[in-house]
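Asks: Kindly generate the corresponding structure for this input.
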Amino acid sequence: MREQEVERELQPWVRWLARTGFVARGIVYGLIGFFALRSAIGYGQPSGSGGVFANIDSNALGSALLALLAAGLCCLVLWRAAQVVFGLMLEGKSLAVNLAIRFGWLCSGLFYAGLVTDVLYRLFAKGPSDHGHTLARLTGWTMHLPLGRLVIAGVGIGILVYAGWQLFRAASVRVVKRLQNRPRRQPWTPAVWLVIVVSEFGVLARGLVFIMVGGFLVAAAWQYRPNHSQGFSRALESLRDQPYGQWLLGAVALGLMAYAVFQFAMACWRRLGSD
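Replies: Model prediction:
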């Protein structure tokens, strides 16, 4: 009951920001999964967000599509900002948990703000942002700062903790709870259960990729090799280079597309008072 009251207290435009942001995030992950699946069957390279934006920009309506995607991601950033500033959906949580969740929201908002910056660079600078090497350069610059290696290791550990939380969500009922914003009198149809199973698979696949990204950062800090830090696209490439790599990459690609389904389902069903 309290969760429904919280959602009613939110202004309609705030809920609109959240749901639009979920759709935009779903589009990004869906396209990453699509290009990874193409790579798994022998066509091209897997792409992170930068590669996805480059592929969109190469189409006839690329600029318009990128502008719409940037607007959607801006909605997601504003939703995260509202959560951090106003503590939306944090009723009844302890101070320590409150601060930890807000910090996670802040990191998420900064990450998607970076994606918005990447899109805007492509729209107005009319050139690639060299996204594939940005993480390595940033890691190298940070390592030369006092305690820089500890900072990089801390970021990597933070990503690993977040990935572990994703896996816990996939193994628990938390994904189901996020998709229960439906009248209780309505039956749970096979289609709804299918969406839930697909969503669980998507959260699991995304968590596994984040484990790889976090592990690469920790290894780069430990070995003092910035070039060993790898983002999403490099993590997918590493999967492909493993024994049975095409099968592994294909499974993860389908998982990322499943995560897109999860985001679209959240845009429709998520109970915004129950994060």
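Asks: Please look at Val261 and Tyr29 and confirm they touch.
Replies: No: counting by Cβ atoms under 8 Å, Val261 does not reach Tyr29; the two are 9.5 Å apart. Quick note: C-beta positions are derived from backbone N, CA and C, even for glycine.
Asks: More neighbours: the two, which one.
Replies: More crowded of Val261 and Tyr29, by other Cβ atoms under 10 Å: Tyr29, with 25 against 18.
Asks: check which helix or strand covers Ala170.
Replies: Following DSSP states H and E, one finds Ala170 within helix 148-171.
Asks: What mean pLDDT does that helix get?
Replies: In this model, helix 148-171 carries a mean pLDDT of 78.
Asks: Could I get the buried residue list for the helix or strand Ala267 falls within?
Replies: Per DSSP H and E, Ala267 falls inside helix 245-269. Neighbour-count burial for helix 245-269, counted by 16 or more other Cβ atoms under 10 Å, picks out 248-267.
Asks: Which helix or strand in the chain has the lowest average pLDDT?
Replies: Each helix and strand of the chain was given a mean pLDDT (mean pLDDT, DSSP states H and E); the minimum falls on helix 2-9 at a mean of 47.
Asks: what residues does stretch 244-262 touch?
Replies: With contacts defined as Cβ atoms under 8 Å, 6 or more residues apart in numbering, stretch 244-262 is touched by 26-27, 29-30, 32-34, 36-37, 39-42, 46, 175, 195, 198-199, 201-206, 208-209, 236, 239-240, 242.
Asks: Dump it to CSV, keeping only the CA atoms.
Replies: Only the C-alpha atoms of stretch 244-262 are listed here, as CSV (Å, rounded to 0.1, in the frame of the first residue of the first chain):
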residue,chain,number,x,y,z
TYR,A,244,33.5,-21.9,-27.8
GLY,A,245,33.6,-18.1,-27.8
GLN,A,246,31.0,-17.7,-30.5
TRP,A,247,28.5,-19.7,-28.5
LEU,A,248,29.4,-17.7,-25.3
LEU,A,249,29.1,-14.4,-27.2
GLY,A,250,25.8,-15.5,-28.7
ALA,A,251,24.3,-16.4,-25.3
VAL,A,252,25.4,-13.1,-23.8
ALA,A,253,24.1,-11.2,-26.8
LEU,A,254,20.7,-12.8,-26.4
GLY,A,255,20.9,-11.9,-22.7
LEU,A,256,21.6,-8.3,-23.4
MET,A,257,18.6,-8.2,-25.8
ALA,A,258,16.6,-9.8,-23.0
TYR,A,259,17.7,-7.0,-20.7
ALA,A,260,16.2,-4.6,-23.3
VAL,A,261,12.9,-6.5,-22.9
PHE,A,262,13.2,-6.1,-19.1
